[in-house]
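S.K.: Sharing a sequence plus its predicted fold:
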Amino acid sequence: MTACVNKIILVGYLGKDPEQRFTQSGRPVTSFTLATSERWKVDDGEREQRTEWFNVVVWNRLAEVCKTYLGKGSRVYLEGRLQSRSYETENGKQRTLEVVASVVKMLD
């Protein structure tokens, strides 16, 4: 049998304040967006930058901690797994990939 690994580690900044909701059974779930940036120089000496945005979901007690202590612009380290989920946002865009975080460390 071959082992499979689904793990992601990110360091970035929250794009907006975390939003918390509760499942029908009362489990807290908090979601936020996280931006990571990569910078480099191109051949002519100009600097380029690319920003990637991730949708992050946190459950249970960690969800409550994130809602209480994080805000837009907070810098965090997180570990988690990628999860595929399809849903339509308010503005009609399709979202299909999110990070389910199991470790969140505040870096501010």
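M.R.: Arrived safely, thanks for sending.

S.K.: three-state assignment of the residue of the chain positioned farthest from its centre?
M.R.: Taking Cα atoms, centre = their mean, the residue of the chain most remote from its mean C-alpha position is Asp44, at 33.7 Å. Reducing the assignment at Asp44 to three states with DSSP: H, G, I helix; E, B strand; the rest coil gives coil.

S.K.: now swap in Asn6 and tell me
M.R.: Going by three-state DSSP, the secondary structure assigned to Asn6 is coil.

S.K.: what's across from the residue lying closest to it once chain neighbours are set aside in the sheet?
M.R.: In space, Asn6 comes closest to Arg81 once its chain neighbours are excluded; the distance is 4.5 Å by Cβ to Cβ, 6 or more residues apart in numbering. Any C-beta I mention is one placed from the backbone N, CA and C, and that applies to glycine too. On the basis of DSSP bridges, Arg81 takes part in beta bridges with Val100.

S.K.: With Glu88 as the reference, measure out to Arg81.
M.R.: Arg81 sits 23 Å away from Glu88 when distances are taken as Cβ to Cβ, to the nearest Å.

S.K.: All set now, cheers.
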